[in-house]
Each structure stands twice: as structure tokens, then as C-alpha cells.
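1. turn this into a structure:
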Amino acid sequence: MNHLPQAIRSQHSRHQLIRTSSLKAQVYAFVCFGGLALICSGCGKVSAPVPPSRLSERTSDLTAIQRGSTILLSWPAPSLVKDESSRFYISRVDIFRLTERRDQEPVLDPDDFEATAELVGFLDRAMIETQVNTFGRLQFADSVKLTQSKQLANTRLRYAVRYINKRDQVAAFSNTVAIEPAPGIAMPPTNVSAIADAQDVVTITWLAPIANVDGITPSAAVGYNVYRRLQRRDLGGDLLNSEPISATSFTDTKFQYQVDYVYFVRALSQGANGLIESADSDPFPFTPVDRFAPSAPNPVSIASSNGSISLFWPSSAERDVIGYNVYRASSADAPDNDWIKLNDQPVTPVTFRDDQVVIDHTYFYRVTAVDRFNNESERSRVVSETVHP
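-> Alright, predicted model coming up:
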């Protein structure tokens, strides 16, 4: 107790005196009124006092990775009590960082950690709820200066987080997680762009970074990762490539047309324990639009019987084709304006029967395919037939 300030020691002594006097009074009362206690032996017993519950939420799954010049912390979402008056209501989470030398013993004791670590940030309740709804987890990015390579060579950063309720009661620290930051990490790629340049294909391109986050050139980029998210999301993204990309372009074939996306790219650098990603490139918002007409149906077969003409063609192999248009004219070389479309809506069968004909007259036909975005194919080859009775 000698390490406590004088005021706290004096207050502690007074509390000791009060507790001693109180104890003596209780013993005196017990001795003097023992008979009364025996008389009341049939009365109900009083249970031992129960200490009040405090905030107990804690994670033991805190993780850390380096991304560019930041350390990204991540941990599972906590239980979020809705009642703000509850002592279990999480008001915020504080993030602590301790800078250690790599050659020193790690600081693992919670009290020692609290005494030497610094508060580097926090997430308030709104931030917590947003991240839980977006990621299903919590995360925090801590910016680190990576310009002093010699100093970083013997630097270890140790992190822990803890929750606080509205009464400013603190929970226990999470597990601590340590990371040794590497300075030779590439800057993010630049000039990211995307274009739908073929059917069901979006091509993403970018420029390689020219330097590392510590200013060293050329950059240490050894590959790239490409990410995509919905524009309505402000954070996060899905990794599109299964292996690191060595080129500065990528083909996305798993998208949907008319959906608002954001693409971004991260460079990869070799770290001591594996590949380390750069920060995100500038996001590139892009909405793929299908302006690509399907292939024309070919070949078209034709036959006549019972005063009508029937057409047949193979089904389109293209997944977005929803039907077909059938056109008729009086000659094979009739101008486009003279070809009459015989159906109001695209027909879904791959056959069509024309009974609005005159026996012994010859008619000419061609067929087109239509996709779900109303793109129409080129005309098929012209076929003709004379109506038989």
C-alpha cells in the first residue's frame, strides 16, 4: 500500500477504523442480545450479500495484421444488449497499444499492460452497431509511421481491447496480440478502372505502385488482389481472385448486370511471415450494362402443310436469351422496313407456326434472338416456303 498516494492511504485508514469499530459493535450486540437471537431462531435466514454484476463482455479472439502502413485489428462481435440502463450495455470499446522492443520480455500481465499501454482509439456504440451489421465483426485500423526503418527493426506492437458500459465500468482486457511492423510494403495501386468490354465480362485494370510506404523506390509489389463490393456498402469487399495476380488487369465473370458495384485493388508485398497487402486503391464505382446482342438463331428450318408454314431453329446457348422474334417479307431482298414482325412479344418456343398466309403464295422469313435487356441479335439467314394446302 506504500505505493498509493497519501490521500488514498489516509482514506484507506479511516475505512479500516470504521470497519473495526463496526465489527466490535456487532460482537457486543451478539453477546448482549444472544438470548434474543435464540428467541428469534425460527425467523427466516438472511442470505450472504451478492456482489453487483459488472460488465463481463470480453473477447479472447483479437487478431492483427499489417495492411500498408496500418495495423488492422479484428475480433468477433460482442453481445449487444439493447437496454441502455443495463450494466451490460456496451457503450464503447477502447483500443490500447503498447510499443515494445522485440528483444524484451512481452508484457502479458493485464495490470502491467494497462500501466504502460496508450489508448490509441475507440469505437462508440454507433460504430459498433454499423460494423456488426456490415461485417458481423469489429475492426479498427491503427496508423503506424513506417519511415524509420532502423527503429522498426526492433519494434513490436502489442494490442488489446476492452468494453466500457454507460456507467464507465470497464470489462477485462481481451487477449493481447503482437505484430512486428514491416516498412517495405508497397503503396496501393492507382488509376483503377473497369469496363464491360464483352458479353458477361468486366475487365478491371490499374497501374502498379511506384514506391513503398517508407518512400523507397521501386515498390516491392509482387502481386495484386482485386475486391468488389456493393455501392450501398461503405466498407469491406469480396476478394475476387483465388490466387495473387501478377498482371495489372483482371477479368470478373461473376457479376450481375445493372447492379451498382465498387472495385478496388491492393498490392501484395513479401513480409517476414507471408504476403502483406497494401492499403486500398481509390475505389472505382461501376454499374455493368449489357449492350451485347446475342447470336442469331441458325440454321432456321421451314416446312408447309395444311395451309400454314412452320419454322424451327436451335435453342440459343446464351443464358440471357428470353425469346425470339419472327419476321416475314414478300421477297428475300426486301428492305428492313418491309419485314413484318409476326409476334407482339418474344416467343419462347423454338418453333413458330404462321397460318396468316395464302395457299400457293411464297413467303420469306428470318428470326432473331432477344435477351432480357432487349438486345436483339442479327437476323438469321432468310428461308422461304410456298404455302401448300
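
2. any low-confidence regions in the protein?
-> Judged against pLDDT under 70, the low-scoring parts of the chain cover residues 1-53, 148-151.

3. ok, now with 80
-> Low-confidence regions of the chain, defined by pLDDT under 80, span residues 1-54, 146-153.

4. what's the local residue count around the residue nearest to D280 when sequence neighbours are not counted?
-> In space, D280 comes closest to F264 once its chain neighbours are excluded; the distance is 4.7 Å by CB to CB, 6 or more residues apart in numbering. The C-beta positions use only the backbone N, C-alpha and C, and glycine is treated the same way. When neighbours are counted by other CB atoms under 10 Å, F264 registers 21.

5. what strands line up against the helix or strand hosting F264, and which way round?
-> Element membership for F264 (DSSP states H and E) is strand 261-271. Strand pairing for strand 261-271, determined by DSSP bridges: strand 221-230 (antiparallel), strand 274-277 (antiparallel), strand 284-286 (antiparallel).

6. the residue nearest to D280 and N325, how far apart?
-> Here the criterion is CB to CB, to the nearest Å. By it, F264 lies 41 Å from N325.

7. now swap in V93 and tell me
-> 61 Å.

8. next: R158.
-> Taken as CB to CB, the spacing of R158 relative to N325 amounts to 69 Å.

9. go on, R366?
-> Going from R366 to N325 by CB to CB gives 9 Å.

10. I210 now?
-> Separation of I210 from N325 (CB to CB) stands at 53 Å.

11. domain map for this protein?
-> As recorded under automatic domain parsing, the domains making up the chain are 63-179, 190-286, 301-386.

12. what about the last one, how long is it end to end?
-> With CA to CA, to the nearest Å as the measure, the ends of domain 301-386 fall 14 Å from one another.

13. so which bits of stretch 268-288 are buried?
-> If you call a residue buried by 16 or more other CB atoms under 10 Å, then stretch 268-288 has these buried ones: 268-271, 276-281, 283-284, 286, 288.

14. farthest pair in the residues you listed?
-> Put simply, by CB to CB the two of these set farthest apart are G271 and P288, 34.8 Å from each other.

15. hang on, the earlier thing: what's across from the residue nearest to D280 in the sheet?
-> F264 forms beta bridges with Y227, as assigned by DSSP bridges.

16. ok, it touching P285?
-> No: judged on CB atoms under 8 Å, F264 makes no contact with P285 at a distance of 10.1 Å.

17. mind listing the strands for the stretch 101-250 of the chain?
-> Counting by DSSP state E, counting those that start in this stretch, the stretch 101-250 of the chain has these strands, from start to end: 118-124, 137-143, 155-165, 177-179, 190-198, 201-207, 221-230, 238-239, 249-252.

18. list just the one of these that sits closest to P346.
-> Across these, the minimum distance to P346, taken as CB to CB, is reached by strand 190-198, at 23.0 Å.

19. would you state the helices of this protein in chain order?
-> Remark: helices of the chain, listed N- to C-terminal, are 6-32, 34-39, 110-116, 125-135, 149-152; assignment by DSSP state H.

20. looking at it, L152 is touching I179, isn't it?
-> No: between L152 and I179 no contact is recorded; they are 11.4 Å apart, counting by CB under 8 Å.
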